[in-house]
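**Q** coordinates for the following, if possible.
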Amino acid sequence: MNLTVFNYALRRSLKNPIVLAVNLVLPFAIILFAFDAPSIRGENRGYYILAMILMFGAYLAARGIRDDNMERTVIRILAGPITMRSYLVQNFFSTMLPVTGIIFASVALGTAVHGWEIRFAALLALCYLFLAATSVGLSFAWSCIFNNKETSFAVFSVVLTMVASLGGLFIPLEFLPGPLAYISAIFPPHWAARAIETLLNGDDLHMYFLSLLAMALFATAFLLYGGRRRIL
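**A** As a prediction, the model looks like this:
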């Protein structure tokens, strides 16, 4: 298999100082400092804040595909022996590889500092991985909407804040009014919050795995949308 796109996308992502700062510095800072912050409902909000940071970091790491689209690089790439499917898959895994390493490093740090049980830490890492994959897919789809980098980033920052609030990462799900509680289910962070809540409460894992399935479906839908728009 030709991994030219994978290698190029990976190097491009690792050379971006903003991406490196968000993905390397913020998660570790959250682990070390935010888990001792006061909670608004008797449980630590650090798990949810970390999910928010990882989601945003994964989105930033995947923005290279937007540059390919805006600069028409994707047309030159597809003129060679690279199919659209291979292009998307290689970009996806080139983003997920370092993000996965950061997630496992963050959870390992949390286990060492806060004494998380191995089973809890493994399930938490899996939840963050699914959320990151959803964020990468969202980045692919989002790149189809805007032609301006600054506009895309500014609008996404607003949208991400709103989605995180309605999804339960900023505001606990049970604090949302009735209609908003139902609306929040259409946002991926809602399902990440559900999965984290299930783990923290020690509930049956049925809701946890249902939440992972929901995030996987979101990721698939975003990836298909992003790929279809480029083919057209």
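**Q** which non-adjacent residue is nearest Tyr208?
**A** Thr198 (4.4 Å; C-beta to C-beta, 6 or more residues apart in numbering). C-betas here are computed from N, CA, C, even on glycine.
**Q** next, count neighbours for the one you found.
**A** Neighbours of Thr198 under the rule other C-beta atoms under 10 Å: 20.
**Q** so which helix or strand takes in it?
**A** Thr198 belongs to helix 188-201 when assigned by DSSP states H and E.
**Q** do the same with Leu129
**A** helix 118-142.
**Q** for that helix, name the packing helices and strands.
**A** Applying 3 or more C-beta pairs under 8 Å, 6 or more residues apart in numbering; DSSP states H and E, one finds that helix 118-142 makes contact with helix 46-61, helix 64-70, helix 84-114, helix 188-201, helix 206-231.
**Q** chain center to the helix or strand where Val159 lies: distance?
**A** Taking DSSP H and E as the criterion, Val159 maps to helix 149-167. Chain-centre distance of helix 149-167: 13 Å, with C-alpha atoms, centre = their mean, to the nearest Å.
**Q** can you check stretch 105-125 too?
**A** Relative to its parent chain, stretch 105-125 has a centroid offset of 18 Å by C-alpha atoms, centre = their mean.
**Q** low-confidence ranges in the protein?
**A** Scanning the chain for pLDDT under 70 picks out the ranges 1-6, 8-9, 12-15, 36-43, 64-84, 144-153, 226-232.
**Q** how does it look with 90?
**A** 1-46, 48-49, 52-99, 113-115, 135-189, 200-204, 221-232 (pLDDT under 90).
**Q** chain neighbours aside, what residue packs nearest to Ser106?
**A** In space, Ser106 is closest to Pro27, 4.4 Å off (C-beta to C-beta, 6+ apart).
**Q** can you tell me how far that neighbour sits from Ile103?
**A** Pro27 is 8 Å from Ile103, where distance means C-beta to C-beta, to the nearest Å.
**Q** quick check on Gly202: phi, psi?
**A** Main-chain dihedrals, Gly202, degrees, to the nearest 10: phi 70, psi 30.
**Q** that one: how many residues sit nearby?
**A** 8.
**Q** circling back to that earlier point, which residues does the residue nearest to Tyr208 contact?
**A** Thr198 makes contact with 204-205, 207-208, 211 under the criterion C-beta atoms under 8 Å, 6 or more residues apart in numbering.
**Q** re earlier: just checking, next helix/strand downstream of the helix holding Val159?
**A** In the C-terminal direction, the helix or strand that comes right after helix 149-167 (DSSP H and E) is helix 178-183.
**Q** how about that next one as CSV, C-alpha atoms only?
**A** Listed next in CSV are the C-alpha coordinates belonging to helix 178-183 (Å, rounded to 0.1, in the frame of the first residue of the first chain):
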residue,chain,number,x,y,z
GLY,A,178,-36.2,19.3,29.2
PRO,A,179,-36.1,20.3,25.5
LEU,A,180,-32.3,20.9,25.6
ALA,A,181,-31.7,17.5,27.2
TYR,A,182,-33.2,15.9,24.1
ILE,A,183,-31.5,18.2,21.6
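**Q** many thanks, I have nothing further to ask.
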